[in-house]
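Engineer: Kindly return the folded structure for what I paste below:
(chains A and B)
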Amino acid sequence: DTEVTQTPKHLVMGMTNKKSLKCEQHMGHRAMYWYKQKAKKPPELMFVYSYEKLSINESVPSRFSPECPNSSLLNLHLHALQPEDSALYLCASSQGILRRVRTDNEQFFGPGTRLTVL
Amino acid sequence: DAKTTQPTSMDCAEGRAANLPCNHSTISGNEYVYWYRQIHSQGPQYIIHGLKNNETNEMASLIITEDRKSSTLILPHATLRDTAVYYCIVNPLNFGNEKLTFGTGTRLTIIP
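Structural biologist: Model (predicted):
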């Protein structure tokens, strides 16, 4: 199984709602990522989890709250979003590094969740 | 992180080789060159990566110049399904996390 799955595919929410995006992989990868992609722009990194610990937060506003409950799952909790947060949210995973020996560490991306904030 | 420069767009005839250039003149000795592509409405897809030597896999070939300041991705027999945005990314050697910084990429259109 070389697939990263994301649910839901589409999400429409109001500015006062609380919602969550879910990402799952069963490749045994130990690094997982959230990216945000606005229309006609490249993906931008938001968060990186390594071995279920948050290792990179790219100064993302606190209305986005990531969570990694286990090595296969990554969630992004959303609260009090703004219309400008409407975007495609992409999840990715990669092997991670074992014993400080570099392995092929390409990232596998899911199809994304298209979020619209009204 | 080193920055990359790519043409904004390119066209290629179906069945011909597509050659996508990338400049990365400030690349450091321990930085790899990665290529990803993103087909419309899909997540990015890894294509190939290399450090110094030329690389080939089932999808593409990567040619890196001897001074490592530029590279070319070659799709040997382009098909309509290769129409996508192609991103050249220079990635430092990080133990633990790979922080991909996407540039604006090259929009490749394969013409029937």
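Engineer: contacting residues for A:Leu90?
Structural biologist: For A:Leu90, the contacting residues are A:Gln6, A:Trp34, A:Tyr35, A:Lys36, A:Gln37, A:Pro43, A:Phe109, A:Gly110, A:Gly112, B:Gly43, B:Pro44, taking C-beta atoms under 8 Å, 6 or more residues apart in numbering or on different chains as the criterion. For glycine as for every other residue, the C-beta is placed from the backbone atoms N, C-alpha and C.
Engineer: Could you do B:Glu55 as well?
Structural biologist: Contacts were defined as C-beta under 8 Å, 6+ apart; by that measure B:Glu55 touches B:Ile48, B:His49, B:Ser61, B:Leu62.
Engineer: same thing with B:Thr8?
Structural biologist: The neighbourhood of B:Thr8, defined by C-beta under 8 Å, 6+ apart, consists of B:Thr104, B:Thr106, B:Arg107.
Engineer: sec struct for the last one, please.
Structural biologist: Reducing the assignment to helix, strand or coil with DSSP: H, G, I helix; E, B strand; the rest coil, the entry for B:Arg107 is strand.
Engineer: and it, what is it in contact with?
Structural biologist: By C-beta under 8 Å, 6+ apart, the contact set of B:Arg107 is B:Thr8, B:Ser9, B:Met10, B:Ala84, B:Val85, B:Tyr86.
Engineer: got the residues of chain A near chain B?
Structural biologist: For chain A, the residues found near chain B under the criterion C-beta under 8 Å from any C-beta of the partner chain are A:4, A:31, A:42-45, A:48, A:50, A:55-56, A:90, A:92, A:94, A:96-97, A:100, A:102, A:104-112.
Engineer: Filter those down to the buried ones.
Structural biologist: A:4, A:31, A:42-45, A:48, A:50, A:56, A:90, A:92, A:94, A:96-97, A:105-112 (16 or more other C-beta atoms under 10 Å in any protein chain shown).
Engineer: Out of these, which sit inside strands?
Structural biologist: Counting by DSSP state E, the members of those that fall within strands are A:Val4, A:Ala31, A:Glu44, A:Leu45, A:Val48, A:Ser50, A:Ile56, A:Leu90, A:Ala92, A:Ser94, A:Phe108, A:Phe109.
Engineer: Distance check, A:Leu74 against B:Tyr46.
Structural biologist: Relative to B:Tyr46, A:Leu74 is positioned 18 Å away (C-beta to C-beta, to the nearest Å).
Engineer: re the thing from before, now pLDDT and secondary structure too, for the contacts of B:Arg107, in a markdown table please.
Structural biologist: Rendered in a markdown table, the data for the contacts of B:Arg107 read as follows (pLDDT from 0 to 100; DSSP: H, G, I helix; E, B strand; the rest coil):
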| residue | pLDDT | secondary structure |
| --- | --- | --- |
| B:Thr8 | 97 | coil |
| B:Ser9 | 97 | strand |
| B:Met10 | 98 | strand |
| B:Ala84 | 98 | strand |
| B:Val85 | 98 | strand |
| B:Tyr86 | 98 | strand |
